[in-house]
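> attaching a predicted model along with its sequence, questions to come.
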Amino acid sequence: MIDFTKEDIEPLDWMVNEVIIRYALTPDDLVEAGIIKVPDGLEIDVTYNTVTEFKRYLYVLNKYNVCDCISSMDMINVRVNEYTPQFKTLGGFKKLYADLKKQEKREKLELRKTKVDLNLAEKMLEEYPKTKWFARIGFFIGIGLAILELIKLLIPILFPSDKT
C-alpha cells in the first residue's frame with residue numbers, strides 16, 4: 001500500500017532537497033515555500049492543519065527512513081540522515097512512487113492468479129472422483145481384453161485341430 005499520493009511527490013522531494021541543503025526543516029519552512037497553504041489572517045503556529053500536514057509528511061519520510069523526524073510537544077522538525085543524499089540520488093519519491101505502483105500492480109496480478117489457481121484446484125477436486133471411476137473401469141476393461149486375447153492365443157496351442 002502506498003502511503004502518499006502522486007500530489008505528495010513534489011513536496012516530499014522538495015523537502016528531501018531542502019533538508020540536504022539546510023540540514024533541518026520545520027512546518028514554517030513549508031509554509032514559506034508555499035507547499036503548505038495557510039488561509040489569510042491565521043498565524044502559522046496556531047494553524048492545526050499546518051502541523052497535521054507536516055506530520056503526515058514526517059510519517060512518510062520516517063517510514064522510508066529518508067530523514068530523521070523529530071516530534072515533541074514544543075518542536076517538530078526533519079533532519080538529514082545518512083540515507084537522505086543516497087535517496088535523492090536514487091530518484092527520490094518520484095521513483096519510489098513508480099516502484100510502489102509496479103509492486104502494487106504485481107501483487108494484484110499475483111492475487112488474481114492465486115484466485116484462478118484456487119478455482120481450478122477446486123474444480124479438479126470436484127472432478128477427481130469421476131475421473132477415478134473412469135480409470136478403474138478402463139483398468140478392468142483392459143484386464144478383461146488382455147485375458148480374452150490370451151485365451152484366443154492359447155486355444156490353438158492347447159487344442160490343435162486335425163485339419164491336414
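On my side now, so go ahead.
> give me the distance between residue 147 and residue 140.
11 Å (CB to CB, to the nearest Å). Any C-beta I mention is one placed from the backbone N, CA and C, and that applies to glycine too.
> sorry, wrong one. I was asking about residue 18.
82 Å.
> which of these two has more neighbours?
Taking other CB atoms under 10 Å, residue 18 and residue 140 do not tie; residue 18 has more neighbours (18 against 10).
> so that one sits against residue 24, correct?
No. Applying CB atoms under 8 Å, one finds residue 18 not in contact with residue 24, separated by 9.4 Å.
> neighbours of residue 97, just the number please.
19.
> so which helix or strand takes in the nearest residue to it once chain neighbours are set aside?
Of all residues not flanking residue 97 in the chain, residue 9 sits nearest, at 5.5 Å (CB to CB, 6 or more residues apart in numbering). For residue 9, the element it lies in under DSSP states H and E is helix 9-22.
> and the residue nearest the centre of the chain, what pLDDT?
In the chain, the residue lying closest to the centroid (CA atoms, centre = their mean) is residue 107, at 3.6 Å. On pLDDT, residue 107 comes in at 94.
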